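> quick one, structure for this:
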Amino acid sequence: MVPHHDSERPITPALSLSEASLPYRGIECLPPEIISHILTIGSRKLGPEDLGISEDEQYNADIDENADDDGNDNLSQGPPVHFATLCSHVCQYWRTVAISTCQLWSYLDFGEDLALVPLLERSELWIARSGDVPLIIDIDLTDIELAYGELKSHAILELILPHAHRWRVFELATDFYGLIWLWQRRLASLRSAPTLEQLGMSCHEEQIDPDVFEPRAYRSPQVLFPQGTPKLRSILLWGVHFDWEVITFLTGLEMLELAWHTKDVRLTTEQFVQTLSSSPKLRTLALTGSAPLPGTWPQERLSLPNLVRLDIKEIDINDAVSVVDHIEFPALTTLNLDLESNDVKMFIRAVCQPNKPRFGSLRSLELVSFDCSQADGRLFLGTLLNVKHISLNFDYLPIHFHHSLTADSPFLCPRLETLRLSGLTSKHLKALVEARLRSPTPIQRLAIDEDNKYSAATIQWLRSRVKTVQFFENSDVESDEEDEGSENDDAYEESDED
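Predicted coordinates:
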């Protein structure tokens, strides 16, 4: 989901003091301007910067998401109630203030399991109440039949296209590329998107051939926003491509995520370099199953001085090496790697150059698939002197990464404070924890995969030694089988002997 409101955007005044009679006691004594301000803050999803949260605290918060100390999902089970609606049903005074607070009604969620007519009626009402503030458009067309997706798409388009001049966020997700084509064709009528800051388009239809896009009829996409998107800062394209030579909005970005493009519709190296060169404030770059086609890189490394997060996942090892070998990222703090190769030695050698490690500023590392020899693994970990948080998935990783982190001659990653682990036996888990408790910076926080069924005794042993022990749901492991295990707190069974 997307954040509901921009913390820097001035709040549209609700009622003035002269327009409302103030009750005499309790919170109702507050002027409408103050209640409007409180409701607006409450309705938006605050980010770390809004709350003054450090990067380390944010990493720990990411671990906490959707899990509690007992490994149980803590999301509410009932249907969601929108904050705006909730506020408007407290009392007549709050209802008057809420309805006149435009920001409360600026988030249009078209992914809910409502019948189409009530969904459209509610959205039309919210658009009217939102006044002229920028809109957030969130359209989830996944898990529905194609025919209904087409019907729903046309209805939504008729409702939102007249307000395109005030879209701030546009996100679309579907399982059929035919729906992406439908949306691209209709959006091609828009000459510009003057207030658009965030664009996301995702298609989860699997491509049979990783080299050739199908169906061919949809290979040549429409041109969107030819007159520009002056405020666009964030782009996510998951299985969705454009005519990279023609589009004008791959500039001035702060976040770029490209995922699952077949080779014949990917950016060329030259186009990729141009995109990065024209986005000096880029902070996040994510490449998943989509890398620039082989081409000519500049002789000097391209510098991304503000890049703090880099994701390189499920791309060819040669493409991964090309990216890290031709880009400088001096401010990088978060690195997520998932490289399905029999040997990532080339990648390690590219980033672990003598006397000049490429990841010296790194604070957080995630490894899913990263196959290499123990010597190369130690070489890689040995350069991470400032890393505080490491996530390791031993369902795919070689066990020698465990051995390297338990060895104490000397300890690798000496500032390590947080571990997030999947796929370890009880024996290996205890050995790693016990070793890191003897390190210069003892482990303070441990998150373990809830699918690794450890006994209650093992959990108690961990909690007696580590300040915080929590569980998380591992999204990296795909399984078609239902988990038949109990969700009871005492249901953690050993995968081996303690």
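> going forward, measure contacts between C-alpha atoms and count neighbours the same way
Fine.
> and after the helix or strand L256 falls within, which helix or strand comes next?
In this structure, L256 sits in strand 255-259 according to DSSP states H and E. Following strand 255-259 in sequence order, the next helix or strand is helix 269-277 (DSSP H and E).
> the following helix or strand past that next one pairs with which strands?
Going down the chain from helix 269-277, the next helix or strand is strand 284-288, by DSSP H and E. Strand 284-288 has the following sheet partners, assigned by DSSP bridges: strand 255-259 (parallel), strand 309-313 (parallel).
> could I get these as TSV with distance to L30 and mean pLDDT?
Listed next are the strands paired with strand 284-288 as TSV, based on distance: least, CA to CA, whole Å; pLDDT from 0 to 100:
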stretch	distance to L30	mean pLDDT
strand 255-259	40	98
strand 309-313	43	98
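> can I get those strands in a markdown table with distance to Q227 and mean neighbour count?
Shown next, in a markdown table, are the strands paired with strand 284-288 (distance: least, CA to CA, whole Å; neighbours: other CA atoms under 10 Å):
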| stretch | distance to Q227 | mean neighbour count |
| --- | --- | --- |
| strand 255-259 | 21 | 21 |
| strand 309-313 | 30 | 21 |
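> distance to C102 for these - can I get that in a markdown table?
Converted to a markdown table, those look like this (distance: least, CA to CA, whole Å):
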| stretch | distance to C102 |
| --- | --- |
| strand 255-259 | 28 |
| strand 309-313 | 34 |
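> to H204, which of the ones you listed lies closest?
strand 255-259 (10.4 Å; CA to CA).
> returning to that earlier point: so how far is the strand holding L256 off the chain centroid?
10 Å (CA atoms, centre = their mean, to the nearest Å).
> circling back to that earlier point, quick one, which of the strands paired with strand 284-288 is nearest to P292?
It is, among the strands paired with strand 284-288 and with distance given as CA to CA, strand 255-259, at 9.8 Å.
> the inter-axis angle of the closest one versus helix 269-277?
150 degrees (axes from the mean of the first three to the mean of the last three CA atoms, to 10 degrees).
> where does the chain have low pLDDT?
Within the chain, the set of residues satisfying pLDDT under 70 comprises 1-28, 44-81, 476-498.
> now with 80, please.
Within the chain, the stretches falling below the threshold (pLDDT under 80) are 1-30, 35, 38-85, 87, 90, 112-113, 353-357, 475-498.
> mind listing the strands for the stretch 1-150 of the chain?
Here the stretch 1-150 of the chain has its strands, by DSSP state E, counting those that start in this stretch, at 107-109, 135-141.
> quick one: contacts of the strand holding L256?
233-239, 282-291 (CA atoms under 8 Å, 6 or more residues apart in numbering).
> do that again at 6 Å, thanks
Strand 255-259 has contacts (CA atoms under 6 Å, 6 or more residues apart in numbering) with 234-239, 282-290.
> and for stretch 270-282?
By CA under 6 Å, 6+ apart, stretch 270-282 touches L250, T251, G252, L253, E254, M255, N306, L307.
> ok so, going back, and T101, which of the strands of the stretch 1-150 of the chain is closest to it?
strand 107-109 (12.7 Å).
> list the contacts of that closest one.
Contacting residues not belonging to strand 107-109 are listed as I136, I137, D138 [CA under 6 Å, 6+ apart].
> going by neighbour count, which of those residues comes out on top?
Highest neighbour count within the contacts of strand 107-109: I136, with 24 neighbours (other CA atoms under 10 Å).
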